[in-house]
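Participant: sequence and predicted model, in that order:
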Amino acid sequence: MRGTFYGIGVGPGDPELLTVKAIKAIEAADVLIAPKTEKKEGSVALEIARPYLKKDIEIVYQVFPMVKDFAEDTGAWEANKAEILALLNEGKNVAFLTLGDPMFFSTYIYVFRLLEHEDVDIVTIPGVPAFIAIGSYVGRPIVEGNDVLAIIPGTADKKRLEEVMAVASSAVVMKVYRNSEEIIDLLRRNDMAKEAVLVSRVGLDGERVIHDLEAHADEKLNYLSTILTRRS
């Protein structure tokens with residue numbers, strides 16, 4: 001009998017933000033899949049979940065190439081899929097750990113799509129997205145009343161960023177990095193820079209928080225960040 005595949009959101013960084021359901025699934029798992037990048041050792045998601053791991057848990061690290069679709073690099077994805085299916089066929093419960101929420105800008109979505117048409121029982125367990133944690137952490141309501149919220153990947157096309165931000169009451173801009181000056185300029189032109197707060201690695205070592213991006217417009221970022229803002 002095949003095991004069950006769990007997709008578990010471990011939240012943004014603080015281990016205490018894991019849900020009870022996530023912890024129970026981690027405790028029930030025989031194998032943990034810990035995603036890692038090609039450039040870095042270890043897994044941030046695994047470190048967040050570490051307080052809840054069984055002593056005899058099997059940990060499997062898998063590298064997932066950063067691609068826009070499977071057509072760019074099917075080999076690595078298919079190899080990871082085959083490894084997961086082999087573990088499930090041994091009757092093992094397999095848990096895939098992912099930062100934030102599994103269905104929100106997550107590597108897990110690609111894994112889910114690879115497995116959803118297989119004869120596999122899949123249980124997806126939600127987690128706290130980083131921007132939700134940031135709102136509570138810095139004391140910033142994300143939306144209220146009739147606010148229209150836009151969640152924007154900072155990697156999006158500039159024209160698309162301009163179109164969406166022009167009609168939003170509040171915005172979450174994610175994956176802000178090398179184009180931070182361009183994004184801050186766009187926030188300024190939409191009266192959103194002064195109310196903006198930029199946060200990196202919330203709940204983790206190296207956490208950074210910058211308020212009022214109007215006053216930090218010239219600062220060059222060398223770290224991945226999320227911006228919460230609203231129209232002034």
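Facilitator: That came through fine.

Participant: all strands for the protein, in order.
Facilitator: For the chain, applying DSSP state E gives strands covering 4-9, 31-36, 58-63, 94-98, 121-125, 149-153, 170-176, 197-200, 208-211, 225-230.

Participant: where are the low-confidence patches of the protein?
Facilitator: 37-41, 66-74, 216-222 (pLDDT under 70).

Participant: could you point out the longest helix of it?
Facilitator: As assigned by DSSP state H, the longest helix anywhere in the chain is helix 74-89.

Participant: how far out from the middle of the chain is that helix?
Facilitator: 22 Å (CA atoms, centre = their mean, to the nearest Å).

Participant: and if you look at stretch 47-67?
Facilitator: The answer for stretch 47-67 is 15 Å, by CA atoms, centre = their mean.

Participant: make TSV out of the strands of the chain and add distance to Leu161 and mean neighbour count.
Facilitator: In this view, the C-beta of every residue, glycine as well, is placed from N, C-alpha and C. As requested, those are exported to TSV (distance: least, CB to CB, whole Å; neighbours: other CB atoms under 10 Å):
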stretch	distance to Leu161	mean neighbour count
strand 4-9	26	25
strand 31-36	28	22
strand 58-63	30	14
strand 94-98	26	27
strand 121-125	30	16
strand 149-153	6	16
strand 170-176	8	22
strand 197-200	16	22
strand 208-211	20	14
strand 225-230	12	22
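
Participant: want to throw the ones you listed into TSV with distance to Lys21?
Facilitator: Output for the strands of the chain, formatted as TSV (distance: least, CB to CB, whole Å):
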stretch	distance to Lys21
strand 4-9	9
strand 31-36	16
strand 58-63	21
strand 94-98	12
strand 121-125	5
strand 149-153	24
strand 170-176	25
strand 197-200	26
strand 208-211	30
strand 225-230	25
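
Participant: Leu18: which of these is closest?
Facilitator: strand 4-9 (8.2 Å; CB to CB).

Participant: with only the CA atoms kept, save the closest one in PDB.
Facilitator: Only the C-alpha atoms of strand 4-9 are listed here, as PDB (Å, rounded to 0.1, in the frame of the first residue of the first chain):
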ATOM      1  CA  THR A   4       0.500   9.400   1.800                       C
ATOM      2  CA  PHE A   5       2.200  12.500   0.300                       C
ATOM      3  CA  TYR A   6       2.000  15.600   2.500                       C
ATOM      4  CA  GLY A   7       2.700  19.200   1.300                       C
ATOM      5  CA  ILE A   8       3.400  21.200   4.500                       C
ATOM      6  CA  GLY A   9       3.600  24.900   4.700                       C
END
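
Participant: show me what that strand is packed up against.
Facilitator: helix 20-28, helix 74-89, strand 94-98, helix 108-115, strand 121-125 (3 or more CB pairs under 8 Å, 6 or more residues apart in numbering; DSSP states H and E).

Participant: how about 10 Å then?
Facilitator: In terms of contacts (3 or more CB pairs under 10 Å, 6 or more residues apart in numbering; DSSP states H and E), strand 4-9 is packed against helix 20-28, strand 31-36, helix 44-49, helix 74-89, strand 94-98, helix 108-115, strand 121-125.
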